[in-house]
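*Asks:* Okay, predicted coordinates and the sequence, questions at the end:
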Amino acid sequence: MIKLNIKKKIFSSRVVISNLSIDIQNNDFVIITGASGVGKSTLLNIIGLIDTSYHGRYVLNGIDISKINYKNQLYLRGGYFGYVFQDSLINEKQTVLRNILSVIELKKQSEYSHVILNELKKVGLHNISPETSASLLSGGEKQRIALARALIKKPKILLADEPTASLDNDNKEKVMNIILDYYKCGGTVVMITHDTNIITTDMKVISL
């Protein structure tokens, strides 16, 4: 699915990644670990086609990213990847519904509105109305809404940048269970974490 070779990535006049090769197959669970500042988030952004300014080669499902234009890169990004970050990036001025639908093109949002209740059920928030203001949610609930937003388009690959780092143990377990359910249903996960306790033998580990 993904074959990535980064010869050199420069960030703020500093080489943050060099001579790194990654091979990610369908239904892999990949963990990225390493100290702060070694380029973990940068690597995740490269994998997710957010950052394309590096020396190297990236082939996604047989497509050489360097040989397609920016518009097609955006199309691939939207079709392949779902994103969730340490900060949920939830807009507290919007409802739960509007936050989840924010990743959907405006003209297509009506096609997804009917599945919102099911998405909330998947992340254990079936008791919350889609019209609830996001400002009323706890930190753990916001992160689960962020997961629902990331998964609503049924991405082939879920990219998660320390999604449990700011959560208490109860919410950390709930978020990890959602991610593991996605993985067990055939999804591919690439996740940054400092929590080595979540790593199991079937996961691939990339140490930077």
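*Replies:* Thanks, I have it.
*Asks:* Bridged to residue 95, which residues?
*Replies:* On the basis of DSSP bridges, residue 95 is bridged to residue 133.
*Asks:* Quick check: the gap between it and residue 107.
*Replies:* 20 Å (C-beta to C-beta, to the nearest Å). Placement of C-beta: from N, CA and C, glycine included.
*Asks:* Who has more neighbours out of the two?
*Replies:* Applying other C-beta atoms under 10 Å to residue 95 and residue 107 shows that residue 95 carries more neighbours, namely 17 against 7.
*Asks:* any chance you could map the helices in the protein?
*Replies:* Assigned helices in the chain, in chain order: 40-47, 70-80, 96-101, 109-112, 116-122, 139-151, 169-184 (criterion: DSSP state H).
*Asks:* Residue 25 touches residue 3, doesn't it?
*Replies:* No - the pair residue 25 / residue 3 is not scored as a contact, 9.9 Å apart, by C-beta atoms under 8 Å.
*Asks:* Which of the two has more residues huddled nearby?
*Replies:* Neighbour count, other C-beta under 10 Å: between residue 25 and residue 3, residue 3 has more, with 16 against 11.
*Asks:* ok, residue 60 - how many residues close by?
*Replies:* The burial count for residue 60: 22, using other C-beta under 10 Å.
*Asks:* go on, the one 4 residues further on?
*Replies:* When neighbours are defined as other C-beta under 10 Å, residue 64 has 11 of them.
*Asks:* and if you look at residue 15?
*Replies:* Applying other C-beta under 10 Å, I find that residue 15 has 10 neighbouring residues.
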